[in-house]
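**Student:** Sharing a model that was predicted from the sequence below.
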Amino acid sequence: MTDAEPAQPAPRRPRPLEPEALKALAHPLRVRILDTLSLSGASTASGLATRLGESSGATSYHLRQLARYHLVEEMPERGSARERWWRRVPEGFTVSVDDQPDSASRAAARIVLGEWHANREALLDDFIARGDVELPREWRDAAMISTFNLRLTAEQLAQVVDALGEFAARVLDPLRGQDLPGARPVQLQFNAFPVLDGEETRR
């Protein structure tokens, strides 16, 4: 299971994504649009098109499809007759392959999870490739790339994930919606999963 949390104030309890919404999201460009709105904040279709290297017609169409399933929403107070502004809805959601009711939904979940992973990997690759040239030393010193390799039971792994959830609620949630001078988008990545070609310790 993985979580997707928006960069918006007043977070609510993440909701499981319904199968129809999950199938609607299962498109590489829609996942990238949602990720971009989550990380960088509200944008127009043309702004997303420029950032993602797509046409504004394509981003506008996919924004409307995401809005149908309450994954993004229009900001009428910021828009105009010529430009519509969109943002990620101010609540998180969860996606799990195991919780899907049919094979099509499970396939959609795998697509979404795969696209999330690819997008996160691309951001990390970009930081590694260009961070030392483009970022001030204070930002490079504040960052961390780390891997922890352990041998755990399923129960221990669940305890680790629960503790991380408690940490997020205690430390990260109060930071949501802040945009202090000098702030920039930051992504925290932490994956916790069993290695498939590993062997269980015999009792």
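**Tutor:** Thanks, I have it. Residues are numbered from 1 along each chain as shown.
**Student:** so how far is stretch 19-39 off the chain centroid?
**Tutor:** Centroid separation between stretch 19-39 and its chain, computed with C-alpha atoms, centre = their mean, to the nearest Å, is 9 Å.
**Student:** Can you list the buried residues in the helix ranked longest in the chain?
**Tutor:** Counting by DSSP state H, the longest helix found in the chain is helix 103-134. Burial within helix 103-134, assessed by neighbour count using 16 or more other C-beta atoms under 10 Å, is assigned to 105, 106, 108, 109, 111, 112, 113, 115, 116, 119, 127. Yep, even glycine has a C-beta here, placed from its N, CA and C like the rest.
**Student:** elements contacting that helix?
**Tutor:** strand 2-4, helix 19-25, helix 28-40, strand 93-95, helix 137-142 (3 or more C-beta pairs under 8 Å, 6 or more residues apart in numbering; DSSP states H and E).
**Student:** closest one to residue 166 among the ones you listed?
**Tutor:** Within the helices and strands packed on helix 103-134, the stretch nearest residue 166 is strand 2-4; the backing value is 13.7 Å (C-beta to C-beta).
**Student:** Following that closest one in sequence, what is the next regular element?
**Tutor:** strand 15-16 (DSSP states H and E).
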